[in-house]
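A.B. asks: Have a look at this fold, sequence not included:
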């Protein structure tokens, strides 16, 4: 396995931040080994993604996740996982996988 650098981690987090700013969908799947449970969050849920991303600065970065190591939940978002760019972060009690999807959040139009 190649060595993952701090610069690669920062580059990825900046790419995620840029995607969020242009309303591109970002999915984060958290896996907790203690409970054997998954939690899925997206920037489409109205959470403060800058705050979420700052917590990733402290987590060990695993780099790009192979197709065989990708969570099964990714099949809900990708027809072909071999084309997906999924990146991982290590948690004390699990793992986080994150991906920038190829679609965008539609802005909400307000009635006057």
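C.D. replies: That came through fine. Here the structure is a predicted model, which is why all the values come from computation and not from measurement. Residues are numbered from 1 along each chain as shown.
A.B. asks: Parallel or antiparallel, which strands does the lengthiest strand in the chain pair with?
C.D. replies: Taking DSSP state E as the criterion, the chain has its longest strand at strand 94-104. In the sheet, strand 94-104 lines up against strand 24-32 (antiparallel), strand 86-91 (antiparallel) (DSSP bridges).
A.B. asks: And the contacts of the last one?
C.D. replies: Strand 86-91 is contacted from outside by 12, 30-32, 56, 59-65, 69-70, 74, 95-99, using CB atoms under 8 Å, 6 or more residues apart in numbering. Yep, even glycine has a C-beta here, placed from its N, CA and C like the rest.
A.B. asks: Please tell me how far it is from the chain's geometric centre.
C.D. replies: 8 Å (CA atoms, centre = their mean, to the nearest Å).
A.B. asks: buried stuff in that strand?
C.D. replies: 86-89 (16 or more other CB atoms under 10 Å).
A.B. asks: Including distance to residue 23 and pLDDT, could these go into CSV?
C.D. replies: Output for the buried residues of strand 86-91, formatted as CSV (distance: CB to CB, whole Å; pLDDT from 0 to 100):
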residue, distance to residue 23, pLDDT
86, 20, 97
87, 20, 97
88, 24, 96
89, 23, 96
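A.B. asks: Cool, thanks, signing off.
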